[in-house]
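Participant: okay, structure incoming, though there's no sequence with it:
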């Protein structure tokens, strides 16, 4: 099985990034050989649509499953449409997450686990209007 793990850096020893759409990169691991390749996340620095761009990048990597700590609604919808299995792992390394998946210890994700714009920083990604929809 090929698994993409949201990561803060390259390789199996990199830490899991708590954000799917805005993670630094994805480490794609073949669970049979533990061979890993790292692909950049185009959604990491985009102003909007991070989850969808990240999901497209993962889909293009031809993976069967995705591991992250959190999945926003747009990312979840895009990944589910691509028929990839989603799993939640908190903390640890990419290697830890893949090994936990192999042991059947990760929880399958069936819905978004965070609201839209999660991981945009302390401002919550709501801009100058504070997310109230009014004029600034």
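Facilitator: It's in. Bear in mind the structure is a predicted one, so any value in this text is a computation, not a measurement.
Participant: residue 90 against residue 69, yeah?
Facilitator: Yes. Here residue 90 reaches residue 69: they are 5.1 Å apart, a contact under CB atoms under 8 Å. C-beta here means a position set from N, CA and C on the backbone, and glycine is covered the same way.
Participant: for the helix or strand bottoming out on mean pLDDT in the chain, which positions count as buried?
Facilitator: The least trusted helix or strand in the chain, going by mean pLDDT, DSSP states H and E, turns out to be helix 73-81, with a mean of 85. Buried residues in helix 73-81, defined by neighbour count with 16 or more other CB atoms under 10 Å: 73, 74, 75, 76, 77, 78, 79, 80.
Participant: against residue 51, how distant is the fifth one?
Facilitator: If I follow you right, that is residue 77. According to CB to CB, to the nearest Å, residue 77 stands 8 Å off from residue 51.
Participant: quick one: residues contacting the residue most central in space within the chain.
Facilitator: Closest to where the C-alpha atoms of the chain average out (CA atoms, centre = their mean) is residue 20, at 2.3 Å. Listed by CB atoms under 8 Å, 6 or more residues apart in numbering, the contact set of residue 20 reads 6, 51, 54, 66, 68, 69, 70, 71, 72, 75.
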